[in-house]
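Structure for the following, please:
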Amino acid sequence: MRFLIFTVVFFIIAAVIKIDLTEGTVPLAAFDKENVVEACEQQISIKTLSVVTTAGDTVQSLLAAYPSEVEISYPEKMAQFYKLNPHLQKQAMVTGELIKIPIYDKIENNC
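Below you'll find the model as predicted:
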């Protein structure tokens, strides 16, 4: 019986410590207000280019044929492509179909 009570108390204490370490008891925003420095991050605008597909076109070939100024990872490009063309998630491209391709441009910052 002692072992059972000890085990229950141990798990309760472990849960409290885990919650305290992950979420915190005092909000962290209260401490770092004075030292906040806004970083000048690169901003990106997304433009679209409408293209009529030809025989043999794939998503990869179209994204490679129309490069962007900004280095964007391939999964991000694919995600944006399927946001612009949701019908292509469940069907193949058809020759002569009008699709949109995302083109990424830099926005100048005044930092």
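
show me where pLDDT drops low in this protein?
25-40, 110-111 (pLDDT under 70).

any idea how far the residue nearest the centre of the chain lies from L21?
Centrality entry for the chain: nearest residue to the mean C-alpha point is E76, 7.0 Å, by Cα atoms, centre = their mean. For E76, the distance to L21 equals 32 Å [Cβ to Cβ, to the nearest Å]. Where C-beta positions appear, they are placed from N, C-alpha and C, glycine not excepted.

where along the protein do the helices fall?
For the chain, the helices defined by DSSP state H occupy 2-23, 59-65, 74-84.

List the buried residues in the second one.
Same thing as helix 59-65. V59, L62, L63 (16 or more other Cβ atoms under 10 Å).

Check those residues against S45 and report the nearest one.
Ranked by distance to S45 (Cβ to Cβ), the buried residues of helix 59-65 are led by L63 at 17.4 Å.

so how far does stretch 82-98 reach from one end to the other?
14 Å (Cα to Cα, to the nearest Å).

Please identify the buried residues of that stretch?
N85, M93, E97.

Pull the contacting residues for the nearest residue to the second one once chain neighbours are set aside.
When you say that, I think you mean M93. Closest residue to M93 apart from its sequence neighbours, by Cβ to Cβ, 6 or more residues apart in numbering: T53 at 5.2 Å. Shown in contact with T53 (Cβ atoms under 8 Å, 6 or more residues apart in numbering): L62, M93, V94, T95, G96, E97, L98, I99.

rerun that using 10 Å as the cut-off
T53 makes contact with S61, L62, M93, V94, T95, G96, E97, L98, I99, according to Cβ atoms under 10 Å, 6 or more residues apart in numbering.

Relative to N109, which of those is nearest.
When the contacts of T53 are compared for distance to N109 (Cβ to Cβ), L62 wins out at 29.8 Å.
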